[in-house]
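Visitor: Return a 3D structure for these sequence lines:
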Amino acid sequence: MEIRVLRYFLAVAQEGSITKASNVLHLTQPTLSRQIKDLEEELGRPLFKRGNHNMTLTHEGRMFQKRAEDIILMVDKATQEFHSLEEISGDIYIGGGETAYWSLISDVAKEIINEYPNVHYQLYSGNSDDVAERLDKGLLDFGIFLQPVDLTKYNHLSIPAKETWGVIMRKDSPLAKKKSVCLEDLLGLPLICSRQATYLSNNANPYREWFGAYFSKLNIIATFNLVYNAAIMVNSGIGYAITVDKLANTSSESSLCFRPLMPTLELGIDIAWKKTSYFYACR
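Guide: Modelled structure (predicted):
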């Protein structure tokens, strides 16, 4: 299996036809069609459903598309790294979940760009599982993790900041009259919780520990990995989202507000990278 054939496959998947893909790739249609058929024979599975004027991915094709995209990204990343040996340049791949303290990363990134204008950043947003998977595959150089998360297999540094947990609610909610929210306030309410924070694991989970024995009694109607859609559900009156501060719009113009948990729950943020990562710079 050759890298160029993977690029051919992805082009056909994106364009939805041999004709369009061959124009993009500057190949003849018979050549491209033969390459795709050879790939399917090599894999032993049909990757496309062929219509009169279009091609759509099969279930196996969609699976292979994800793998092909990862492989191409890794190849391009490795190629770019070697092309940048003559100077400090190239792409830095950073992934992370939602946190207002991305601004700290941005400040460092700005300093690097100011000194080395040929350095560029590729950002990826996702929850801890998404980021860890891409970090493990070498698709990211660094991952930004909001605790709780197990970082034992990575090198990591703590970012000098803490995220404050609380509840996003409508301003017309009875709870909005309070300055903070305690455990008793949440019992029986329809809750929308961070999927990462609710995980059971062998490691300490301060989020679950805050609720103690009452966690199993919570009325969790939905979970989320990124808070934007959860805030929309709150605004619709579906429930109350338990998340960190400064992610959803709770300004004076918004119909939502944030109230911190009491006792206070603050969790750290870490930047992590693979223990086998090799970073270098050449002038």
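Visitor: List the buried residues in the biggest strand by length in the chain.
Guide: Identified as the longest strand of the chain according to DSSP state E is strand 154-170. Neighbour-count burial for strand 154-170, counted by 16 or more other CB atoms under 10 Å, picks out 154, 156, 159, 162-163, 165-170. The way it works is simple: take the backbone N, C-alpha and C, and place the C-beta from them, glycine included.
Visitor: likewise stretch 39-46?
Guide: Neighbour counts over stretch 39-46 (16+ other CB under 10 Å) mark 39-40 as buried.
Visitor: Check the offset of that stretch from the chain's centre.
Guide: Distance of stretch 39-46 from its chain centroid, counting by CA atoms, centre = their mean, to the nearest Å, is 31 Å.
Visitor: Need the residues that contact it.
Guide: Outside stretch 39-46, the residues within contact range by CB atoms under 8 Å, 6 or more residues apart in numbering are 1, 5, 8-9, 47-48, 58, 60-61, 64.
Visitor: Filter the residues you listed down to the buried ones and hand me the ChimeraX line.
Guide: Applying 16+ other CB under 10 Å to the contacts of stretch 39-46, the buried members can be selected in ChimeraX as follows:
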select :5,8,9,47,48,61,64
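Visitor: coming back round to it: can you dump the C-alpha coordinates of the longest strand of the chain into CSV?
Guide: Only the C-alpha atoms of strand 154-170 are listed here, as CSV (Å, rounded to 0.1, in the frame of the first residue of the first chain):
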residue,chain,number,x,y,z
TYR,A,154,3.1,11.3,29.5
ASN,A,155,5.6,13.9,30.4
HIS,A,156,3.7,16.9,31.6
LEU,A,157,3.8,20.3,33.3
SER,A,158,1.1,22.0,35.3
ILE,A,159,-0.2,25.3,33.9
PRO,A,160,-0.2,28.0,36.6
ALA,A,161,-4.0,28.2,36.7
LYS,A,162,-7.0,26.6,38.3
GLU,A,163,-10.5,26.1,36.7
THR,A,164,-13.5,26.8,39.0
TRP,A,165,-16.4,24.4,38.7
GLY,A,166,-19.9,25.5,39.0
VAL,A,167,-23.4,25.5,37.4
ILE,A,168,-24.6,27.2,34.3
MET,A,169,-28.3,28.0,34.6
ARG,A,170,-30.9,30.4,33.3
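Visitor: now for that strand, which elements pack on it?
Guide: helix 102-115, strand 142-146, helix 227-235, strand 240-244, strand 256-260, strand 266-274 (3 or more CB pairs under 8 Å, 6 or more residues apart in numbering; DSSP states H and E).
Visitor: Let's have the buried residues of strand 154-170 in CSV, adding pLDDT.
Guide: Output for the buried residues of strand 154-170, formatted as CSV (pLDDT from 0 to 100):
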residue, pLDDT
Y154, 93
H156, 93
I159, 89
K162, 90
E163, 91
W165, 94
G166, 96
V167, 97
I168, 97
M169, 97
R170, 97
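Visitor: With distance to K274 added, can I get the residues you listed in TSV?
Guide: Putting the buried residues of strand 154-170 into TSV (distance: CB to CB, whole Å) gives the following:
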residue	distance to K274
Y154	6
H156	10
I159	18
K162	25
E163	24
W165	29
G166	33
V167	36
I168	34
M169	39
R170	43
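Visitor: Tell me which helix or strand comes right after the longest strand of the chain.
Guide: Counting by DSSP states H and E, the next helix or strand C-terminal to strand 154-170 is helix 183-186.
Visitor: Restricted to helices, list the contacts of stretch 39-46.
Guide: By the criterion of DSSP state H, membership of the contacts of stretch 39-46 in helices covers 5, 8-9, 60-61, 64.
Visitor: give me every residue that touches L186.
Guide: Each residue near L186 by CB under 8 Å, 6+ apart is listed here: 167, 218, 240, 242.
Visitor: And the furthest pair within the residues you listed?
Guide: In the contacts of L186, the most distant members under the criterion CB to CB are V167 and L218, with 12.3 Å between them.
Visitor: about what we covered before: neighbouring strands - and their directions - for the longest strand of the chain?
Guide: Sheet pairing of strand 154-170 (DSSP bridges) gives strand 240-244 (antiparallel), strand 256-260 (antiparallel), strand 266-274 (antiparallel).
Visitor: Show me which residues of stretch 184-201 are buried.
Guide: Those would be 185-186, 189, 191-194, 196-199, for stretch 184-201 by 16+ other CB under 10 Å.
Visitor: ok, so of those residues, who is nearest K77?
Guide: Q196 (26.3 Å).
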